[in-house]
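*Asks:* sequence? don't have it. structure:
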Ligand code: AMP
Ligand code: ZN
(Lines give C-alpha, C1' and ligand atoms only; values in the text may rest on other atoms or scores of the structure.)
(Ligands and ions follow the chains in the order given, each with its own letter.)
Protein backbone atom coordinates (compact mmCIF):
# COMPACT_ATOMS: atom_id res chain seq x y z
CA UNK A 1 0.00 0.00 0.00
CA UNK A 2 1.57 3.26 -1.06
CA UNK A 3 -0.76 5.72 0.54
CA UNK A 4 1.97 8.36 0.60
CA UNK A 5 1.32 9.03 -3.07
CA UNK A 6 -2.13 10.43 -2.20
CA UNK A 7 -1.28 12.12 1.07
CA UNK A 8 0.80 15.27 1.20
CA UNK A 9 2.72 15.14 4.43
CA UNK A 10 4.21 18.35 5.79
CA UNK A 11 6.90 18.41 8.46
CA UNK A 12 7.99 21.39 10.52
CA UNK A 13 11.71 21.65 9.88
CA UNK A 14 13.58 23.22 12.80
CA UNK A 15 16.35 24.24 10.41
CA UNK A 16 14.13 26.44 8.24
CA UNK A 17 11.53 27.24 10.90
CA UNK A 18 8.81 26.29 8.42
CA UNK A 19 6.46 23.47 7.58
CA UNK A 20 7.80 21.85 4.43
CA UNK A 21 6.34 19.22 2.12
CA UNK A 22 8.05 15.96 2.93
CA UNK A 23 10.01 14.54 -0.01
CA UNK A 24 12.37 11.72 0.90
CA UNK A 25 15.76 11.44 -0.80
CA UNK A 26 14.81 8.05 -2.24
CA UNK A 27 11.22 7.51 -3.38
CA UNK A 28 9.37 5.21 -1.01
CA UNK A 29 12.14 4.99 1.61
CA UNK A 30 12.84 7.08 4.68
CA UNK A 31 15.98 7.23 6.81
CA UNK A 32 15.32 8.52 10.32
CA UNK A 33 17.74 8.98 13.21
CA UNK A 34 16.61 9.83 16.74
CA UNK A 35 18.97 10.49 19.66
CA UNK A 36 18.42 7.78 22.25
CA UNK A 37 18.87 7.85 26.01
CA UNK A 38 22.01 8.11 28.10
CA UNK A 39 21.56 4.96 30.13
CA UNK A 40 22.71 5.99 33.61
CA UNK A 41 19.30 6.13 35.33
CA UNK A 42 15.67 5.11 34.85
CA UNK A 43 13.88 6.90 32.02
CA UNK A 44 11.38 9.41 33.33
CA UNK A 45 8.05 10.28 31.79
CA UNK A 46 9.59 13.29 29.99
CA UNK A 47 12.10 11.10 28.14
CA UNK A 48 9.21 8.79 27.24
CA UNK A 49 7.27 11.67 25.74
CA UNK A 50 10.04 12.36 23.23
CA UNK A 51 10.31 8.68 22.28
CA UNK A 52 6.51 8.40 21.97
CA UNK A 53 6.49 11.51 19.74
CA UNK A 54 8.94 9.84 17.36
CA UNK A 55 7.12 6.52 17.59
CA UNK A 56 4.09 8.38 16.24
CA UNK A 57 6.21 9.71 13.37
CA UNK A 58 7.60 6.23 12.66
CA UNK A 59 4.17 4.61 12.80
CA UNK A 60 2.60 7.18 10.49
CA UNK A 61 5.38 6.97 7.91
CA UNK A 62 5.02 3.19 7.92
CA UNK A 63 1.26 3.48 7.64
CA UNK A 64 1.70 5.67 4.55
CA UNK A 65 3.63 2.81 2.99
CA UNK A 66 7.18 4.11 3.37
CA UNK A 67 9.96 1.65 4.02
CA UNK A 68 11.52 3.28 7.07
CA UNK A 69 14.97 2.63 8.49
CA UNK A 70 14.71 4.00 12.01
CA UNK A 71 18.01 4.28 13.88
CA UNK A 72 17.98 5.20 17.56
CA UNK A 73 21.21 5.00 19.52
CA UNK A 74 22.06 4.15 23.10
CA UNK A 75 24.56 6.54 24.68
CA UNK A 76 26.75 4.35 26.85
CA UNK A 77 29.88 6.50 26.96
CA UNK A 78 31.00 10.09 26.48
CA UNK A 79 28.05 12.05 27.91
CA UNK A 80 29.79 14.42 30.30
CA UNK A 81 27.87 16.10 33.12
CA UNK A 82 28.65 19.58 31.85
CA UNK A 83 28.10 20.81 28.28
CA UNK A 84 31.51 22.54 28.39
CA UNK A 85 33.30 19.17 28.44
CA UNK A 86 34.08 19.46 32.14
CA UNK A 87 33.13 16.97 34.83
CA UNK A 88 32.67 13.24 34.91
CA UNK A 89 31.16 10.87 32.38
CA UNK A 90 27.58 10.30 33.61
CA UNK A 91 27.82 6.51 33.38
CA UNK A 92 31.29 6.30 34.93
CA UNK A 93 30.08 8.48 37.81
CA UNK A 94 27.06 6.30 38.50
CA UNK A 95 29.28 3.19 38.33
CA UNK A 96 31.67 4.75 40.85
CA UNK A 97 28.82 5.69 43.22
CA UNK A 98 27.15 2.28 42.99
CA UNK A 99 30.46 0.36 42.99
CA UNK A 100 29.49 -1.40 39.76
CA UNK A 101 31.09 -1.86 36.38
CA UNK A 102 30.03 0.87 33.94
CA UNK A 103 28.63 -1.86 31.68
CA UNK A 104 26.45 -3.10 34.55
CA UNK A 105 24.95 0.38 34.76
CA UNK A 106 24.47 0.41 31.00
CA UNK A 107 22.81 -3.01 31.02
CA UNK A 108 20.50 -2.22 33.95
CA UNK A 109 19.17 0.99 32.46
CA UNK A 110 19.04 -0.23 28.87
CA UNK A 111 16.82 -3.08 30.04
CA UNK A 112 14.61 -0.63 31.97
CA UNK A 113 14.39 1.65 28.92
CA UNK A 114 13.33 -1.21 26.65
CA UNK A 115 10.77 -2.56 29.12
CA UNK A 116 9.18 0.84 29.63
CA UNK A 117 8.99 1.64 25.92
CA UNK A 118 7.45 -1.75 25.26
CA UNK A 119 4.81 -1.09 27.90
CA UNK A 120 4.07 2.17 26.11
CA UNK A 121 3.68 0.09 22.93
CA UNK A 122 6.54 1.86 21.14
CA UNK A 123 7.82 -0.07 18.15
CA UNK A 124 11.50 -1.02 18.39
CA UNK A 125 13.77 0.88 15.99
CA UNK A 126 15.31 -0.91 13.00
CA UNK A 127 18.84 -0.48 14.39
CA UNK A 128 19.84 0.43 17.93
CA UNK A 129 23.58 1.07 17.87
CA UNK A 130 25.64 1.84 20.96
CA UNK A 131 28.43 4.41 21.22
CA UNK A 132 30.88 1.90 22.72
CA UNK A 133 30.21 -0.43 19.79
CA UNK A 134 31.30 2.28 17.32
CA UNK A 135 34.60 3.58 18.69
CA UNK A 136 36.43 2.70 15.46
CA UNK A 137 33.92 4.63 13.34
CA UNK A 138 34.20 7.61 15.69
CA UNK A 139 37.99 7.61 15.47
CA UNK A 140 37.69 7.54 11.67
CA UNK A 141 35.34 10.54 11.73
CA UNK A 142 37.81 12.46 13.91
CA UNK A 143 40.59 11.69 11.42
CA UNK A 144 38.46 13.09 8.59
CA UNK A 145 37.75 16.26 10.58
CA UNK A 146 41.45 16.67 11.38
CA UNK A 147 42.45 15.98 7.76
CA UNK A 148 40.08 18.71 6.63
CA UNK A 149 41.63 21.13 9.10
CA UNK A 150 38.66 21.61 11.44
CA UNK A 151 40.11 20.04 14.56
CA UNK A 152 43.28 20.12 16.63
CA UNK A 153 45.04 17.86 19.10
CA UNK A 154 45.73 19.24 22.54
CA UNK A 155 47.39 17.25 25.33
CA UNK A 156 45.98 13.92 24.15
CA UNK A 157 42.48 15.31 23.51
CA UNK A 158 41.04 16.41 20.17
CA UNK A 159 38.84 19.49 19.87
CA UNK A 160 36.64 20.83 17.12
CA UNK A 161 37.80 24.24 15.95
CA UNK A 162 34.53 26.15 15.93
CA UNK A 163 35.99 29.50 14.85
CA UNK A 164 37.77 27.99 11.86
CA UNK A 165 34.64 26.05 10.92
CA UNK A 166 32.50 29.16 11.15
CA UNK A 167 34.64 30.92 8.52
CA UNK A 168 33.48 28.43 5.88
CA UNK A 169 30.20 27.19 7.31
CA UNK A 170 27.57 28.55 9.64
CA UNK A 171 27.92 27.39 13.25
CA UNK A 172 24.61 28.21 14.92
CA UNK A 173 22.26 27.85 11.98
CA UNK A 174 20.06 25.28 13.71
CA UNK A 175 19.80 26.91 17.11
CA UNK A 176 19.79 30.48 15.79
CA UNK A 177 22.86 31.38 17.85
CA UNK A 178 25.82 33.34 16.71
CA UNK A 179 29.39 32.54 17.53
CA UNK A 180 30.40 36.00 18.78
CA UNK A 181 27.61 35.93 21.37
CA UNK A 182 28.50 32.40 22.39
CA UNK A 183 32.14 33.37 22.87
CA UNK A 184 31.40 36.47 24.89
CA UNK A 185 28.94 34.59 27.12
CA UNK A 186 31.05 31.54 27.82
CA UNK A 187 32.84 31.24 31.12
CA UNK A 188 36.53 30.47 31.28
CA UNK A 189 36.54 27.15 33.07
CA UNK A 190 39.40 25.41 34.79
CA UNK A 191 41.12 23.03 32.37
CA UNK A 192 39.74 24.91 29.37
CA UNK A 193 43.27 26.04 28.49
CA UNK A 194 43.42 22.89 26.39
CA UNK A 195 40.93 24.57 24.08
CA UNK A 196 41.87 27.40 21.76
CA UNK A 197 38.42 28.81 22.21
CA UNK A 198 35.81 28.13 24.95
CA UNK A 199 33.21 27.45 22.23
CA UNK A 200 35.27 24.51 20.89
CA UNK A 201 33.98 21.09 21.82
CA UNK A 202 35.64 17.73 22.45
CA UNK A 203 35.83 15.08 19.74
CA UNK A 204 38.09 12.89 21.84
CA UNK A 205 39.00 13.24 25.50
CA UNK A 206 42.21 12.02 27.05
CA UNK A 207 41.47 9.47 29.80
CA UNK A 208 43.06 10.23 33.14
CA UNK A 209 44.75 7.17 34.73
CA UNK A 210 41.74 6.45 36.99
CA UNK A 211 39.22 6.61 34.12
CA UNK A 212 37.80 3.13 33.46
CA UNK A 213 36.05 3.67 30.12
CA UNK A 214 39.01 4.08 27.79
CA UNK A 215 40.10 3.01 24.34
CA UNK A 216 43.38 3.34 22.44
CA UNK A 217 43.48 5.94 19.66
CA UNK A 218 46.10 7.71 17.53
CA UNK A 219 46.06 10.46 20.21
CA UNK A 220 46.48 8.16 23.21
CA UNK A 221 44.01 6.37 25.50
CA UNK A 222 40.72 8.16 25.81
CA UNK A 223 37.03 8.19 24.98
CA UNK A 224 34.85 9.92 22.35
CA UNK A 225 33.01 13.21 22.83
CA UNK A 226 29.24 12.87 23.17
CA UNK A 227 28.23 14.62 19.93
CA UNK A 228 30.47 12.44 17.84
CA UNK A 229 28.65 9.14 18.26
CA UNK A 230 25.50 10.39 16.54
CA UNK A 231 27.48 11.72 13.57
CA UNK A 232 29.43 8.46 13.21
CA UNK A 233 26.44 6.15 13.64
CA UNK A 234 23.92 8.11 11.56
CA UNK A 235 26.44 8.28 8.71
CA UNK A 236 27.23 4.59 9.00
CA UNK A 237 23.63 3.39 8.88
CA UNK A 238 21.84 6.12 6.92
CA UNK A 239 24.57 7.72 4.80
CA UNK A 240 26.15 11.16 4.91
CA UNK A 241 22.81 12.64 3.93
CA UNK A 242 19.47 11.35 5.19
CA UNK A 243 15.86 12.41 5.63
CA UNK A 244 14.86 12.97 9.26
CA UNK A 245 16.81 13.60 12.45
CA UNK A 246 14.91 13.92 15.71
CA UNK A 247 15.42 14.48 19.39
CA UNK A 248 14.13 16.54 22.28
CA UNK A 249 14.15 20.34 21.98
CA UNK A 250 16.88 20.53 24.63
CA UNK A 251 19.27 18.72 22.28
CA UNK A 252 19.14 21.43 19.61
CA UNK A 253 22.11 23.14 21.19
CA UNK A 254 24.82 22.12 21.61
CA UNK A 255 24.27 18.50 20.59
CA UNK A 256 22.60 18.83 17.19
CA UNK A 257 24.43 22.01 16.25
CA UNK A 258 27.67 20.10 16.87
CA UNK A 259 26.44 17.09 14.90
CA UNK A 260 25.82 19.30 11.85
CA UNK A 261 29.25 20.91 12.25
CA UNK A 262 31.00 17.53 12.55
CA UNK A 263 29.25 16.16 9.46
CA UNK A 264 29.97 19.25 7.41
CA UNK A 265 33.59 19.30 8.57
CA UNK A 266 34.01 15.60 7.74
CA UNK A 267 32.04 15.28 4.49
CA UNK A 268 31.43 18.84 3.31
CA UNK A 269 27.65 18.42 3.37
CA UNK A 270 24.84 19.09 5.78
CA UNK A 271 23.61 15.68 6.97
CA UNK A 272 19.87 16.10 7.45
CA UNK A 273 16.95 17.26 5.32
CA UNK A 274 14.34 17.59 8.08
CA UNK A 275 15.32 18.34 11.67
CA UNK A 276 12.49 17.58 14.10
CA UNK A 277 12.42 18.62 17.75
CA UNK A 278 9.93 17.33 20.28
CA UNK A 279 8.90 19.63 23.07
CA UNK A 280 9.23 19.07 26.78
CA UNK A 281 6.99 17.45 29.34
CA UNK A 282 6.87 19.62 32.42
CA UNK A 283 5.85 19.05 36.03
CA UNK A 284 4.64 22.06 38.01
CA UNK A 285 5.60 24.16 34.99
CA UNK A 286 9.25 23.05 35.04
CA UNK A 287 10.97 20.66 32.65
CA UNK A 288 10.99 17.08 33.87
CA UNK A 289 14.62 16.23 34.37
CA UNK A 290 16.80 13.51 35.78
CA UNK A 291 19.27 15.83 37.44
CA UNK A 292 16.84 18.09 39.34
CA UNK A 293 14.61 15.24 40.47
CA UNK A 294 11.57 17.09 39.10
CA UNK A 295 10.10 14.06 37.38
CA UNK A 296 7.70 11.14 37.55
CA UNK A 297 8.73 7.63 36.60
CA UNK A 298 6.51 5.60 34.27
CA UNK A 299 6.24 2.77 36.81
CA UNK A 300 4.90 5.27 39.36
CA UNK A 301 2.14 6.07 36.87
CA UNK A 302 1.36 2.39 36.24
CA UNK A 303 1.21 1.58 39.98
CA UNK A 304 -0.11 4.86 41.35
CA UNK A 305 2.86 4.89 43.73
CA UNK A 306 3.48 8.62 43.83
CA UNK A 307 2.01 11.29 46.10
CA UNK A 308 1.16 13.41 43.07
CA UNK A 309 -1.21 10.73 41.77
CA UNK A 310 -4.69 9.86 43.01
CA UNK A 311 -4.55 6.43 41.35
CA UNK A 312 -2.77 4.22 38.83
CA UNK A 313 -3.04 4.78 35.09
CA UNK A 314 -2.42 2.27 32.33
CA UNK A 315 0.42 2.86 29.82
CA UNK A 316 -2.14 3.50 27.08
CA UNK A 317 -3.85 6.21 29.14
CA UNK A 318 -0.47 7.87 29.75
CA UNK A 319 0.32 7.59 26.04
CA UNK A 320 -3.09 9.01 25.12
CA UNK A 321 -2.50 11.90 27.54
CA UNK A 322 0.74 12.73 25.74
CA UNK A 323 -0.73 12.40 22.25
CA UNK A 324 -3.51 14.82 23.16
CA UNK A 325 -0.86 17.54 22.83
CA UNK A 326 1.02 18.30 19.63
CA UNK A 327 4.63 17.12 19.82
CA UNK A 328 5.92 20.69 19.38
CA UNK A 329 3.89 22.08 22.32
CA UNK A 330 5.00 22.04 25.93
CA UNK A 331 2.80 19.70 27.96
CA UNK A 332 2.36 19.93 31.72
CA UNK A 333 1.67 16.75 33.62
CA UNK A 334 -0.88 16.73 36.42
CA UNK A 335 -3.21 14.25 38.07
CA UNK A 336 -6.25 16.23 36.89
CA UNK A 337 -5.03 16.28 33.30
CA UNK A 338 -4.36 12.55 33.13
CA UNK A 339 -7.70 11.81 34.86
CA UNK A 340 -9.42 13.77 32.09
CA UNK A 341 -7.42 11.84 29.48
CA UNK A 342 -8.50 8.58 31.03
CA UNK A 343 -12.17 9.53 30.62
CA UNK A 344 -11.59 10.32 26.95
CA UNK A 345 -9.59 7.16 26.41
CA UNK A 346 -12.29 4.99 28.00
CA UNK A 347 -14.94 6.63 25.84
CA UNK A 348 -12.90 5.95 22.71
CA UNK A 349 -12.27 2.30 23.62
CA UNK A 350 -15.93 1.70 24.52
CA UNK A 351 -17.05 3.17 21.24
CA UNK A 352 -14.61 1.00 19.29
CA UNK A 353 -15.81 -2.14 21.00
CA UNK A 354 -19.44 -1.40 20.10
CA UNK A 355 -18.88 -0.49 16.45
CA UNK A 356 -20.00 -4.00 15.47
CA UNK A 357 -23.46 -3.26 16.91
CA UNK A 358 -24.15 -0.74 14.14
CA UNK A 359 -26.71 -2.09 11.66
CA UNK A 360 -26.22 -1.57 7.94
CA UNK A 361 -28.73 0.38 5.80
CA UNK A 362 -29.31 0.64 2.10
CA UNK A 363 -27.96 4.20 1.99
CA UNK A 364 -25.49 6.41 3.85
CA UNK A 365 -26.34 9.77 5.40
CA UNK A 366 -22.75 10.46 6.55
CA UNK A 367 -19.73 10.98 4.29
CA UNK A 368 -17.09 8.68 5.73
CA UNK A 369 -14.53 9.49 3.04
CA UNK A 370 -14.54 13.16 3.98
CA UNK A 371 -14.19 12.31 7.67
CA UNK A 372 -11.33 9.93 6.90
CA UNK A 373 -9.53 12.56 4.84
CA UNK A 374 -9.91 14.98 7.79
CA UNK A 375 -8.06 12.42 9.92
CA UNK A 376 -5.27 12.19 7.34
CA UNK A 377 -5.17 15.98 6.97
CA UNK A 378 -4.52 16.27 10.71
CA UNK A 379 -1.60 13.83 10.56
CA UNK A 380 -0.31 15.33 7.31
CA UNK A 381 -0.12 18.69 9.05
CA UNK A 382 3.11 17.95 10.94
CA UNK A 383 1.69 14.93 12.79
CA UNK A 384 -1.06 16.88 14.54
CA UNK A 385 -2.28 14.18 16.92
CA UNK A 386 -4.61 16.44 19.02
CA UNK A 387 -6.55 17.37 15.87
CA UNK A 388 -6.60 13.72 14.83
CA UNK A 389 -7.99 12.78 18.26
CA UNK A 390 -10.71 15.44 17.87
CA UNK A 391 -11.61 13.80 14.54
CA UNK A 392 -11.68 10.38 16.20
CA UNK A 393 -14.22 11.73 18.71
CA UNK A 394 -16.24 12.89 15.71
CA UNK A 395 -16.08 9.22 14.68
CA UNK A 396 -17.33 8.25 18.16
CA UNK A 397 -20.22 10.70 17.72
CA UNK A 398 -21.06 9.06 14.36
CA UNK A 399 -21.07 5.61 15.97
CA UNK A 400 -23.50 6.83 18.66
CA UNK A 401 -25.79 8.47 16.08
CA UNK A 402 -25.77 5.27 14.01
CA UNK A 403 -26.60 3.12 17.05
CA UNK A 404 -29.48 5.47 17.91
CA UNK A 405 -30.74 5.20 14.33
CA UNK A 406 -30.34 8.97 13.80
CA UNK A 407 -27.94 8.46 10.88
CA UNK A 408 -27.41 5.53 8.51
CA UNK A 409 -24.50 3.87 6.69
CA UNK A 410 -24.21 1.11 4.12
CA UNK A 411 -22.34 -2.06 5.11
CA UNK A 412 -19.37 -0.90 3.06
CA UNK A 413 -19.27 2.49 4.81
CA UNK A 414 -19.55 0.86 8.24
CA UNK A 415 -16.59 -1.30 7.32
CA UNK A 416 -14.70 1.77 6.08
CA UNK A 417 -15.42 3.66 9.32
CA UNK A 418 -14.46 0.70 11.53
CA UNK A 419 -11.22 0.03 9.65
CA UNK A 420 -10.19 3.70 9.69
CA UNK A 421 -10.97 4.04 13.43
CA UNK A 422 -8.87 0.94 14.12
CA UNK A 423 -5.98 2.08 11.94
CA UNK A 424 -5.79 5.54 13.51
CA UNK A 425 -6.32 4.43 17.12
CA UNK A 426 -4.23 1.26 17.23
CA UNK A 427 -1.72 1.38 14.34
CA UNK A 428 -0.96 5.10 14.20
CA UNK A 429 -1.55 6.43 17.71
CA UNK A 430 -0.26 3.09 19.00
CA UNK A 431 -2.91 2.74 21.74
CA UNK A 432 -3.95 -0.60 23.14
CA UNK A 433 -7.29 -1.51 24.61
CA UNK A 434 -6.14 -1.69 28.24
CA UNK A 435 -9.41 -0.92 29.88
CA UNK A 436 -9.72 -3.00 33.01
CA UNK A 437 -6.02 -3.91 33.17
CA UNK A 438 -5.03 -1.27 35.70
CA UNK A 439 -6.32 1.17 38.28
CA UNK A 440 -9.18 2.04 35.93
CA UNK A 441 -10.60 -1.41 36.71
CA UNK A 442 -13.63 -0.35 38.74
CA UNK A 443 -14.48 -3.88 39.90
CA UNK A 444 -11.01 -4.58 41.29
CA UNK A 445 -10.97 -1.17 42.96
CA UNK A 446 -14.38 -1.92 44.48
CA UNK A 447 -13.17 -5.26 45.90
CA UNK A 448 -10.01 -3.73 47.37
CA UNK A 449 -11.98 -0.89 48.94
CA UNK A 450 -14.33 -3.47 50.44
CA UNK A 451 -11.35 -5.31 51.98
CA UNK A 452 -9.94 -2.04 53.30
CA UNK A 453 -13.31 -1.38 54.92
CA UNK A 454 -13.39 -4.89 56.48
CA UNK A 455 -9.83 -4.42 57.75
CA UNK A 456 -10.84 -1.11 59.33
CA UNK A 457 -13.75 -2.84 61.09
CA UNK A 458 -11.49 -5.70 62.22
CA UNK A 459 -9.10 -3.19 63.77
CA UNK A 460 -11.96 -1.32 65.42
CA UNK A 461 -12.97 -4.68 66.98
CA UNK A 462 -9.32 -5.29 67.97
CA UNK A 463 -9.21 -8.35 65.70
CA UNK A 464 -5.62 -7.66 64.65
CA UNK A 465 -5.08 -11.22 63.40
CA UNK A 466 -7.76 -10.66 60.73
CA UNK A 467 -6.62 -7.14 59.86
CA UNK A 468 -3.02 -8.35 59.40
CA UNK A 469 -4.22 -11.29 57.36
CA UNK A 470 -6.07 -8.98 54.95
CA UNK A 471 -3.02 -6.74 54.55
CA UNK A 472 -0.60 -9.66 54.09
CA UNK A 473 -2.77 -11.53 51.61
CA UNK A 474 -3.11 -8.33 49.55
CA UNK A 475 0.66 -7.76 49.70
CA UNK A 476 1.23 -11.28 48.36
CA UNK A 477 -1.00 -10.35 45.43
CA UNK A 478 1.06 -7.23 44.78
CA UNK A 479 -1.48 -4.85 46.31
CA UNK A 480 0.15 -2.52 48.82
CA UNK A 481 -1.94 -0.77 51.51
CA UNK A 482 -0.77 2.55 52.88
CA UNK A 483 -2.26 3.96 56.11
CA UNK A 484 -2.39 7.74 56.12
CA UNK A 485 -4.11 10.34 58.29
CA UNK A 486 -6.87 10.61 55.71
CA UNK A 487 -7.45 6.85 55.62
CA UNK A 488 -6.03 3.83 53.84
CA UNK A 489 -4.95 4.03 50.19
CA UNK A 490 -3.67 1.25 47.96
CA UNK A 491 -1.40 0.74 45.00
CA UNK A 492 -1.24 -2.18 42.60
CA UNK A 493 2.28 -3.30 41.68
P1 LIG B 1 18.83 11.91 27.83
O2 LIG B 1 18.85 10.49 28.26
O3 LIG B 1 18.94 12.88 28.95
O4 LIG B 1 19.85 12.19 26.73
O5 LIG B 1 17.39 12.19 27.19
C6 LIG B 1 16.80 11.33 26.25
C7 LIG B 1 15.78 12.09 25.44
O8 LIG B 1 14.72 12.59 26.27
C9 LIG B 1 16.34 13.31 24.70
O10 LIG B 1 15.81 13.34 23.38
C11 LIG B 1 15.84 14.48 25.51
O12 LIG B 1 15.69 15.62 24.72
C13 LIG B 1 14.50 13.96 25.97
N14 LIG B 1 13.99 14.64 27.17
C15 LIG B 1 14.65 14.92 28.33
N16 LIG B 1 13.84 15.56 29.20
C17 LIG B 1 12.64 15.68 28.60
C18 LIG B 1 11.37 16.25 28.99
N19 LIG B 1 11.19 16.81 30.18
N20 LIG B 1 10.35 16.19 28.10
C21 LIG B 1 10.53 15.61 26.88
N22 LIG B 1 11.68 15.07 26.46
C23 LIG B 1 12.73 15.09 27.30
ZN1 ZN C 1 22.49 12.41 19.37
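*Replies:* Everything's here; your move. Just so we're clear, the structure is a prediction, and the values are computed from it rather than from any experiment. Ligands and ions are numbered 1, 2, ... in the order given.
*Asks:* What count of nearby residues applies to residue 35?
*Replies:* The number of residues packed near residue 35 is 23, by other CB atoms under 10 Å. Quick note: C-beta positions are derived from backbone N, CA and C, even for glycine.
*Asks:* Now do the contacts for it.
*Replies:* Taking CB atoms under 8 Å, 6 or more residues apart in numbering, we find residue 35 in contact with 72, 73, 75, 230, 246, 247, 248, 251, 255.
*Asks:* do that again at 10 Å, thanks
*Replies:* 50, 54, 72-73, 75, 226-227, 229-230, 234, 245-248, 251, 255-256, 259 (CB atoms under 10 Å, 6 or more residues apart in numbering).
*Asks:* Please flag which of those residues sit within strands.
*Replies:* 72, 245, 246, 247, 248 (DSSP state E).
*Asks:* between these, which is nearest residue 10?
*Replies:* Proximity to residue 10 was ranked across these by CB to CB; first place goes to residue 246, at 15.8 Å.
*Asks:* Contacts only, for the closest one.
*Replies:* 14, 32-35, 50-51, 53-54, 57-58, 70, 72, 256, 272, 274-278, 327.
*Asks:* and it, bridged to which residues?
*Replies:* With DSSP bridges as the criterion, residue 246 is bridged to residue 34, residue 276.
*Asks:* Roughly how far does it sit from residue 52?
*Replies:* Separation of residue 246 from residue 52 (CB to CB, to the nearest Å) stands at 12 Å.
*Asks:* anything in contact with each of those two?
*Replies:* Joint contacts of residue 246 and residue 52 (CB under 10 Å, 6+ apart) are 278, 327.
*Asks:* The residue in the stretch 51-200 of the chain that ligand 2 sits nearest to - how many residues pack around it?
*Replies:* For the stretch 51-200 of the chain, the residue closest to ligand 2 is residue 73, as judged by CB to the ion, at 6.5 Å. By the measure other CB under 10 Å, the count of residues near residue 73 is 25.
*Asks:* was I right about it contacting residue 113?
*Replies:* No. Counting by CB atoms under 10 Å, residue 73 sits too far from residue 113 to count as a contact (11.8 Å).
*Asks:* Identify the contacts common to the two.
*Replies:* With CB under 10 Å, 6+ apart as the test, residue 73 and residue 113 both reach 36, 37, 128.
*Asks:* surely the second one meets residue 75?
*Replies:* Yes. In this structure residue 37 lies within contact range of residue 75 using CB under 10 Å: 6.7 Å.
*Asks:* Mind checking which of those two has more residues around it?
*Replies:* residue 37 (24 against 21).
*Asks:* for the stretch 301-450 of the chain, what spans make up the helices?
*Replies:* 315-323, 335-353, 368-380, 385-403, 411-422, 442-460 (DSSP state H, counting those that start in this stretch).
*Asks:* for the last one, packing partners?
*Replies:* In this case it means helix 442-460. helix 464-476, strand 479-484, strand 487-492 (3 or more CB pairs under 10 Å, 6 or more residues apart in numbering; DSSP states H and E).
*Asks:* do the same with the third one
*Replies:* Using 3+ CB pairs under 10 Å, 6+ apart as the contact test, the elements touching helix 368-380 are helix 45-63, helix 385-403, helix 411-422.
*Asks:* how about the first one, does it get close to ligand 1?
*Replies:* Same thing as helix 45-63. Yes. Looking at helix 45-63 against ligand 1 by CB under 6 Å from any ligand atom, the contacts come from 46, 47, 49, 50.
*Asks:* Just the buried subset of those, please.
*Replies:* 46, 47, 49, 50 (16 or more other CB atoms under 10 Å).
*Asks:* And these, which is closest to ligand 2?
*Replies:* Once CB to the ion is applied, the member of these that ends up nearest ligand 2 is residue 50, at 11.8 Å.
*Asks:* All good on my end, thank you.
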